[in-house]
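**Student:** Need the 3D shape of this:
(3 chains)
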Amino acid sequence: MKRSASIVGVLTAAVLLAAPAPAAAKTEIHFWHAMGGQLGEATNELVRQFNQSQAEYEVKALNKGTYPEVLTAAIAAYRQKNPPHIVQVFDVGTQTMLLSGAVYPIFQLTREQEIAIDWNDFIKPVTGYYSKDGNLYSMPFNSSSPILYVNRDAFQKAGLPDRPPATWREVGEASKKILAAGAAKCGFTTSWPSWTMLENTFPWHDQPFATNANGYTGLDTTLLINGEFGVKHIGQLAAWQKEGVFSYGGRMGQPDPKFINGDCAMLVQSSAVIGGFKKSLKFEWGTGQLPHWGPPYRKQNTVVGGATLWVMKGQKASDYPGVARFMKFLAEPHQQMWWHVTTGYLPITHSAIKNLETGHHFKKNPEQWTALSQLTAKPTPNSLGHRLGNFVQIREAIEGELENIFAGTKTAKQGLDDAVAKGNEILKEFAASNRP
Amino acid sequence: MKRAVFKNRRLPYLLVLPQLAVTLAFFFWPAFESLRLSFFRTSPFGDKRLFIGLDNFRKLVVDPDYYRSILNSFVFASGVTALALGTGLFVAALATQKVRGLAMYRAAVLWPYGIAPPVAGIIFLFIFHPSYGVLPYWLSFVTAYEFNWLLKGWVAMALVVVATAWTHVGYNIAFFLAGLLAIPASVLEAASVDGAGPVRRFRSIVFPLLSPITFYLLVVNMIFAFFGAFGVIHAVTQGGPGRATEIMVFKAYKDGFIGLNLGSSAAQSVVLMVVVIVLTALQFRFVEKRVTY
Amino acid sequence: MAADGAVAASARVEALGGAATTRRRWSLGWGAFVVHALLLLSVAVIAFPLYYAFVISTQTLQEVITRPPILRPSTNLLPNYVEAWTRSHMTRLLWNSGVVAVVSAVGKVTISMLSAFAIVYFNFRGKSLAFWLIFVTLMLPVEVRIMATYEVIGNLGWLDSYAGLTVPLMASATATFLFRQFYRTVPNELVEAAQLDGVGPLRFLWAFLLPLSWANIAALFVVLFIYGWNQYLWPLMITNTEAMRVVVIGLEDLIPRTGTHIPEWNVLMAAAMMALLPPVAVIVVMQRWFVKGLIETEK
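**Tutor:** Below is the predicted model of the structure:
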């Protein structure tokens, strides 16, 4: 009697302890991105928060390298019929993704999964860039805008008033005074030369960067950067390079140290570096909008840089609800605000911006407002965005020619003409590969 | 001198089988795929394919950037080989002299070989950095010339040549050391008894005896620099500024990986493969005849 | 001609019962002081980049970007290294890199030895073809044929696996080339003597060639270990989970390459220092053996 009771007791205990009723295994959702360093930490934290907020899905985020490496990895995986669920693709990859036939448009995903995201909550320049026929195809994730960073200590030393120059003319004059006073070795430099000086400067002045409304309305697009406006702007930069007013510093973020070191008194760079600058700059600094030439050019808006999240086709149907829920999570004001505050990328929903305003966030962080203020105007066809195929190669060609121009081996007109010739060639190739 | 051989029939096939299998699967099959791909124009995701015959190749022939990359490859390969071989031989010669503490010296010059090219690239990027690098800082005391590798192509080329040679010099030193130490002292003594000075001894005895190793290193260094030295350029200059450091291998990678023009990239790979085959053939047929064993 | 002279000379010395010298040096004719000075200079020049990387790994980010550059180590060593270790999950990375390096090195040495042995010591039909097929691979980097190789791996089902990481690295002929060169220097007399004694080919390989080849094997192991350890692009492409990543990827992962955030160079260099210790240790430890071994084999 006792024996069997204890046996039953042991067996019961064993059963109870050994196998807790197995929770349904979480569905995995694979998310490939290009966020390294501190950005990677932030991304992992966001993902962790989502995973903890519900029990059915687990998002697994993986840094697959740089933006081009992530895209190529996704392509290779797709061809092997094994793509990730979500891929982060940079702005210049938009046209490639749109024409690929491999994506599950985000507006369709949320509609079919019956998850409601208010797309009108996102700011216009963002939805404009990534929409087709009024529908959003990818989920905006990290967006930024180019602004002017100013070394206020250098301005003070040169006897300049303590406010950022608003026009390019003012930039030139300020630089010359700074050089004369020995307050810095160069007036200004710019990171991401093509993105800031051409891709954004044109929309900022309501000038067309390319035909077909920058590629939105057709595939037979050609570049227009070698027109009068382009030659004027780049020509001025080239002349300034010779005088030391402008000092070319390389591509991407390579010129940043020139500003951080105090070598250059001003820097045009993405608003995303605000966070890093707060930690590393040792002088008084401020921001201003991207400089403008003034009349006769209108002040329009800049286009967003950064990347968005694309959903890939070819997954199990039961996975997509999880993907949609993750997207909704990301769109919520709390996440938008957290991401903005942590990484320095822009808050891109009206509700998030409103919440931040209520918390006096922009009073404490005026630099962020500088960036957002460039995105409030209603876009014209010239400033909706860029939709060019093989944009990476085009940017490459443009920046190569810019280097020739700044090194003095070609005039602005010559260099821009060559850039346009190469760019048009690339666009033709793209159109041919994607003929429907 | 006829070579002695073994007479088994089936054994040799079994012996070469593993390597042939791996080579066929991971070299020839992808190479064949690349060849096939080079005749097509495909959209990145592979959903649209168009047969265009030799069009990708034709575009290469008329592309000035392609010729630029060929020239860059030669400059880069020659620079790296000359620097790495020359320095290697010099240091190895020093390290076999009658001085004390040689084991320590040897360890101290061999180890850079273990450093990953991207890491070496990043370190040299730092050293050469126009804004916070040590080298331009020191050079600024000597000359006002701005060694800005972000703008001046030749400075960028110098940077990648030095960084790549640095990672490879240890390899050469190791082999030269072995070769130099293997020369019997008796031979050298006999020669000096015959009245030969140090330079003549080097020229007529040491150098010829080193020739198998020198040949091997020359082949390996040139091939490595021409076809394989990718890591440093990828990590530091990405072929810039303005394509000044874009060697053929990097261009093929960039057009495919970043430009997503898989057809052109495949065509460039095919050209590279053909060149490798031809070079290998030439080396085995002609150069090896002159090597004394 | 010179070789004949050398052989003749050494034969002369042997005949005289010449001493077996263990340390053979040939003199440049320069004084010891000059040699020391040049050696120290060489070491300094070669070692400087690594020293600089170490210095950066001990600084704070502020110190890293100041001007003039600070060349003395600073005090931030521990925080940087701890940060680098935890952020990149170093343990797993180091393990994976180790597996890739060792397996690909051992595998490649093995198959190369067998092939070189077959090519040098046998005459068989299709020998030339095999020779060319193998040697044509002397170097075409994986980066250039990467998409196609990815497909092959995918078709084999080897994505995200150790097999996929290691086997493609074995597909080049550099090791076979070296073994071939070496086997051709082995005197014919040795082979003929062995055959007279009735030694079969496999036993010959195992009992005669293998001991003679230790130096070559050691040298190759070092080279291949380092090659396998330092891979970046290939592992990046075919690994889809954190658990299979290698150390160079972990390193690059610490760099925000979006051009919008400043890299934390000090943490990065700390990670780099940890990543390069194993391959450097391999060189330092093995260099005595293979150089020593290479002398022995020339008897």
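**Student:** Now whichever residue of the stretch 51-200 of chain C sits closest to chain A: closest residue in space that isn't a chain neighbour?
**Tutor:** Closest contact between the stretch 51-200 of chain C and chain A, by CB to the nearest CB, is at C:Gly154 (4.0 Å). C-beta: built from backbone N, CA, C; applies to glycine. Closest residue to C:Gly154 apart from its sequence neighbours, by CB to CB, 6 or more residues apart in numbering or on different chains: A:Gln80 at 4.0 Å.
**Student:** Wait, a strand at the residue of the stretch 51-200 of chain C closest to chain A?
**Tutor:** No - when DSSP: H, G, I helix; E, B strand; the rest coil is applied, C:Gly154 is found to be helix, with no strand at that position.
**Student:** Just give me the longest helix of chain B.
**Tutor:** Ranked by residue count under DSSP state H, the longest helix found in chain B is helix B:64-94.
**Student:** The residue in the stretch 251-400 of chain A positioned nearest to chain B: neighbour count?
**Tutor:** Closest approach of the stretch 251-400 of chain A to chain B (CB to the nearest CB) occurs at A:Pro257, with a separation of 3.8 Å. By other CB atoms under 10 Å in any protein chain shown, 22 other residues sit near A:Pro257.
**Student:** In contact with A:Thr302, which residues are there?
**Tutor:** By CB atoms under 8 Å, 6 or more residues apart in numbering or on different chains, the contact set of A:Thr302 is A:Pro125, A:Ser145, A:Pro146, A:Asn200, A:Pro203, A:Trp204, A:Leu290, A:Gln374, A:Leu375, A:Ser383.
**Student:** so how far is A:Arg298 from the residue lying closest to A:Arg163 once chain neighbours are set aside?
**Tutor:** In this structure, A:Arg163 finds its nearest non-sequential neighbour in A:Gly288, 7.6 Å apart by CB to CB, 6+ apart. A:Gly288 is 18 Å from A:Arg298, where distance means CB to CB, to the nearest Å.
**Student:** Excluding chain neighbours, what is closest to A:Phe74?
**Tutor:** Residue A:74: Ala, not Phe. That would be A:Val87: by CB to CB, 6+ apart, it lies 4.4 Å from A:Ala74.
**Student:** is the residue nearest the centre of chain A in a bridge, and if so with what?
**Tutor:** A centroid search over chain A (CA atoms, centre = their mean) returns A:Gly306, at 1.0 Å, as the residue closest to the centre. Going by DSSP bridges, A:Gly306 is paired in beta bridges with A:Ser143.
**Student:** ok, it touching A:Asn142?
**Tutor:** Yes - counting by CB atoms under 8 Å, A:Gly306 touches A:Asn142, with 4.4 Å between them.
**Student:** Which neighbours do the two have in common?
**Tutor:** A:Ala272, A:Tyr345.
**Student:** quick one: contacts for residue 119?
**Tutor:** I went with chain A, as the question did not name one. Contacts for A:Trp119 (CB under 8 Å, 6+ apart) come out as A:Phe107, A:Thr127, A:Leu136.
**Student:** that's the wrong chain, I wanted chain C
**Tutor:** By CB under 8 Å, 6+ apart, the residues touching C:Ile119 are B:Val16, C:Lys127, C:Ala130, C:Phe131, C:Ile134, C:Thr176, C:Arg180.
**Student:** And for B:Ala103?
**Tutor:** Contacts for B:Ala103 (CB under 8 Å, 6+ apart) come out as C:Arg288.
**Student:** What average pLDDT does the longest helix of chain B get?
**Tutor:** Per-residue pLDDT over helix B:64-94 has a mean of 91.
**Student:** Equivalent analysis for stretch A:369-386, please.
**Tutor:** In this model, stretch A:369-386 carries a mean pLDDT of 89.
**Student:** In it, which residues are buried?
**Tutor:** Buried residues in stretch A:369-386, defined by neighbour count with 16 or more other CB atoms under 10 Å in any protein chain shown: A:369-375, A:377, A:379, A:382-386.
**Student:** quick revisit: quick one: residues contacting the residue nearest to C:Gly154.
**Tutor:** By CB under 8 Å, 6+ apart, the neighbours of A:Gln80 are C:Tyr150, C:Glu151, C:Gly154, C:Leu159.
**Student:** Is it correct that the residue of the stretch 51-200 of chain C closest to chain A is in contact with A:Asn82?
**Tutor:** Yes - shown here, C:Gly154 and A:Asn82 form a contact pair, counting by CB under 8 Å, at 7.2 Å.
**Student:** Which one of those two is surrounded by more residues?
**Tutor:** The neighbour count for C:Gly154 versus A:Asn82, taken as other CB under 10 Å, is higher for C:Gly154 (18 against 15).
**Student:** who in the stretch 1-150 of chain B is up against chain A?
**Tutor:** Residues of the stretch 1-150 of chain B lying close to chain A by CB under 8 Å from any CB of the partner chain are B:41-48, B:50, B:129-132, B:150.
**Student:** give the contact list for the residue nearest to A:Arg163.
**Tutor:** By CB under 8 Å, 6+ apart, the contact list for A:Gly288 reads A:Ile147, A:Leu148, A:Val150, A:Arg163, A:Pro164, A:Pro165, A:Ala166, A:Thr370.
**Student:** In those residues, find the pair that's most separated.
**Tutor:** Using CB to CB, the contacts of A:Gly288 span at most 14.2 Å, a distance reached by A:Ile147 and A:Arg163.
**Student:** one step back: just curious, which of the contacts of A:Trp119 is nearest to B:Leu272?
**Tutor:** Of these, the one sitting nearest to B:Leu272 (CB to CB) turns out to be A:Leu136, at 42.6 Å.
**Student:** Any stretches of chain A with poor pLDDT?
**Tutor:** A:1-24, A:436 (pLDDT under 70).
**Student:** follow-up on the earlier one: do you know how far the residue nearest to A:Ala74 is from chain C?
**Tutor:** A:Val87 sits 13 Å away from chain C, going by CB to the nearest CB, to the nearest Å.
**Student:** Am I right that that residue falls within a strand?
**Tutor:** Yes - A:Val87 forms part of a strand when assessed by three-state DSSP.
**Student:** Name the residues of the helix or strand hosting B:Ser264 that are buried.
**Tutor:** Using DSSP states H and E, B:Ser264 maps to helix B:262-285. In terms of neighbour count (16+ other CB under 10 Å), helix B:262-285 has its buried residues at B:262-273, B:275-277, B:279-280, B:283.
**Student:** next one: it to chain centre, how far?
**Tutor:** Taking CA atoms, centre = their mean, to the nearest Å, one finds the center of helix B:262-285 at 15 Å from the center of the full chain.
**Student:** And for stretch B:41-51?
**Tutor:** 34 Å.
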